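>>> take this sequence and fold it.
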Amino acid sequence: MDVDAYVSAHEPEWRRLDALVRRRRRLTGDEVDELVTLYQRTTTHLSAVRSSAHDPALVAALSARVARARAAVTGAHAAEWGVVGRFALVSFPAMAYRARWWWLGTAAGSLAVAFVIGWWVARSPQVQAALLPRAEVRQLVNHQFQGYYSRYAAPAFAAQVWTNNAWVAAESLIFGILLGLPTLLVLFGNAANIGVAAALMIVHGKGVLFFELVLPHGMLELSAVFLAAATGLRLGWTVIDPGPRPRGQALAEEGRKAVTVALGLVAVLLVSGMIEAFVTPSPLPAWARIMIGLAAEGAFLGYVIVFGRRAAAAGESADIADAPEVAPVAG
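Got it, this is the predicted structure:
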């Protein structure tokens, strides 16, 4: 193949294709037909160049041109900021709102387990002694628990907390596919840790300090973990009872919705991690730190209720497969 002659013969068509792709939102009916025709021709040209010309630069240029044209012809996801806006205002709050009863049940059950374990540990010196030696308990309640929040530089600590919490939330969500049983174990471990820590602090007269340190970030952090676990349990229940849908279809749909929750919780856990790193150990009065945490929690719950209820009422889907598409239209 004479590459120069081939380019010279077809370059006007390629340039015309580029022009139509750039104007794809303002094409007439005839121009839409022309766009499709030129896309098909250019795809053929690319195939011929790949097989005969052995010109990597020309192949790369035509490949990029074909990819842009394919997106215009077959439909591409809406503009990036539009996708982000839909996710933030529709998809994530809709999924969280629809899981509200699972979410509420998960939160209530976890807090009840934490309370029972804490009550049991607090009332039994034998259990306390079995958990940790007295010297280690004194070190924990007098130094380690409070020092944990100021041991590292705040930015590094925020990143560490965010990573750890995101991992716990991911475990709770992903393990739901195994009938939700591992998710229940993750929840139990989390509740046991809270109950034991609270009991040891309260028994040694540090109960107020415990809540001063935990509440600012803990309200939002636990809400996110409970939502992840609720989504995982709901996914596990779909394995047991897919309803009128075929089990494979039901799992695929619920799995995609679970991905929506996972992506949204990345942002929520980032906020809780920032609070834990910058607010919890700060010199602000305890009431101010708790009010910041309460404001963050209230904002999150209000956001889910307002936007989630609106999306549910409008019949919007949280399934990422239902994201709106745009394709060239006559106009």
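>>> confidence score at residue 20?
The model reports residue 20 with a pLDDT of 88.
>>> quick one: it and residue 38 touch, right?
Yes. Under the criterion of CB atoms under 8 Å, residue 20 makes contact with residue 38 at 6.8 Å. C-beta: built from backbone N, CA, C; applies to glycine.
>>> list the buried residues for the strand or helix carrying residue 49?
Assigned by DSSP states H and E, residue 49 belongs to helix 29-52. Buried positions in helix 29-52, judged by neighbour count with 16 or more other CB atoms under 10 Å: 31-32, 35-36, 38-39, 42, 45-46, 49.
>>> repeat for stretch 177-184
Residues of stretch 177-184 classed as buried: 177, 179-180, 182-184 (neighbour count, 16+ other CB under 10 Å).
>>> ok, for residue 122, nearest residue in space, not its chain neighbours?
residue 199 (4.1 Å; CB to CB, 6 or more residues apart in numbering).
>>> could you export the helix or strand hosting that neighbour as CSV, CA atoms only?
Using DSSP H and E, the element containing residue 199 is helix 181-203. Taking C-alpha atoms only, helix 181-203 is exported to CSV below (Å, rounded to 0.1, in the frame of the first residue of the first chain):
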residue,chain,number,x,y,z
LEU,A,181,-22.7,-14.6,57.0
PRO,A,182,-19.3,-13.0,56.8
THR,A,183,-20.9,-9.6,56.9
LEU,A,184,-22.5,-10.6,60.2
LEU,A,185,-19.1,-11.6,61.6
VAL,A,186,-17.6,-8.3,60.6
LEU,A,187,-20.5,-6.5,62.3
PHE,A,188,-20.1,-8.6,65.4
GLY,A,189,-16.4,-7.9,65.6
ASN,A,190,-16.9,-4.2,65.2
ALA,A,191,-19.7,-4.1,67.9
ALA,A,192,-17.5,-6.2,70.3
ASN,A,193,-14.6,-3.8,69.9
ILE,A,194,-16.8,-0.8,70.7
GLY,A,195,-18.5,-2.6,73.6
VAL,A,196,-15.2,-3.7,75.2
ALA,A,197,-13.5,-0.3,74.8
ALA,A,198,-16.5,1.5,76.2
ALA,A,199,-16.8,-0.8,79.2
LEU,A,200,-13.1,-0.6,80.1
MET,A,201,-13.1,3.2,79.9
ILE,A,202,-16.3,3.6,81.9
VAL,A,203,-15.2,1.1,84.6
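>>> let me see the mean pLDDT of the helix or strand that that helix is followed by.
Sequence order places helix 207-240 as the next helix or strand after helix 181-203, per DSSP H and E. Average pLDDT, helix 207-240: 94.
>>> other SSEs contacting helix 207-240?
Applying 3 or more CB pairs under 8 Å, 6 or more residues apart in numbering; DSSP states H and E, one finds that helix 207-240 contacts helix 100-123, helix 145-147, helix 154-174, helix 181-203, helix 247-274, helix 286-313.
>>> how about the helix or strand where residue 126 lies: buried residues?
Using DSSP H and E, residue 126 sits within helix 125-131. Buried residues in helix 125-131, counted by 16+ other CB under 10 Å: residue 128.
>>> how far out from the middle of the chain is that helix?
Here helix 125-131 is found 39 Å from its chain centre; the criterion is CA atoms, centre = their mean, to the nearest Å.
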